[in-house]
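S.K.: quick one: sequence plus predicted model below, questions after.
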Amino acid sequence: MFRNPNILIVEDNIDLLMLYAKALMSLNFNVDPVASLSNAIELVNHKTYDIIICDMRLNGEHGTELLAHLRDTLNIGTEVIIVSGEDHYRETCHELGFDLFMTKPVSMRELKTLVSRLAQNIQQA
């Protein structure tokens, strides 16, 4: 049975958070936008997400904390997209087992294309 994918967006820049959320909601995805690591961890502990989009630097916190938590608790089939303005985080994410990485500034067209493709793959699985 088809359902709209659940997406968690973790981004501390409120303007970017709302831009990403609006772009993905326009594709009829269910989007939970949060601006802090603690809110993100709370949500992933209580809700299943198909796709998680996470910034690496979050108001003095680090996205790797969420990635380590996800590595231990992630549901099979959940896709994680890391977003950062600093490309050197790509290797860190790879070492943690997360290979989907987008460098800021993120093109909304590219984000929508990637998320749509991932959502389609999840639906077919």
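M.R.: Cool, got the structure.
S.K.: show me what the spatially most central residue of the chain is bridged to.
M.R.: Among the residues of the chain, the one closest to the centroid is residue 53, at 1.1 Å (C-alpha atoms, centre = their mean). Counting by DSSP bridges, residue 53 forms beta bridges with residue 9, residue 81.
S.K.: so where does residue 97 fall, helix or strand?
M.R.: For residue 97, there is no host helix or strand (DSSP states H and E).
S.K.: if I look at the closest residue to it other than its chain neighbours, how far off is residue 107?
M.R.: Spatial nearest neighbour of residue 97, chain neighbours left out: residue 71 (5.7 Å); criterion: C-beta to C-beta, 6 or more residues apart in numbering. (Glycine included, C-beta is placed from N, CA and C.) Shown here: residue 71 relative to residue 107, a distance of 28 Å by C-beta to C-beta, to the nearest Å.
S.K.: what helices or strands is the longest helix seen in the chain leaning on?
M.R.: Looking across the chain with DSSP state H, the single longest helix is helix 108-124. For helix 108-124, the contact count by 3 or more C-beta pairs under 8 Å, 6 or more residues apart in numbering; DSSP states H and E identifies helix 14-25, strand 51-55, strand 79-84, strand 100-103 as packing neighbours.
S.K.: since that was my last question, I'll sign off now.
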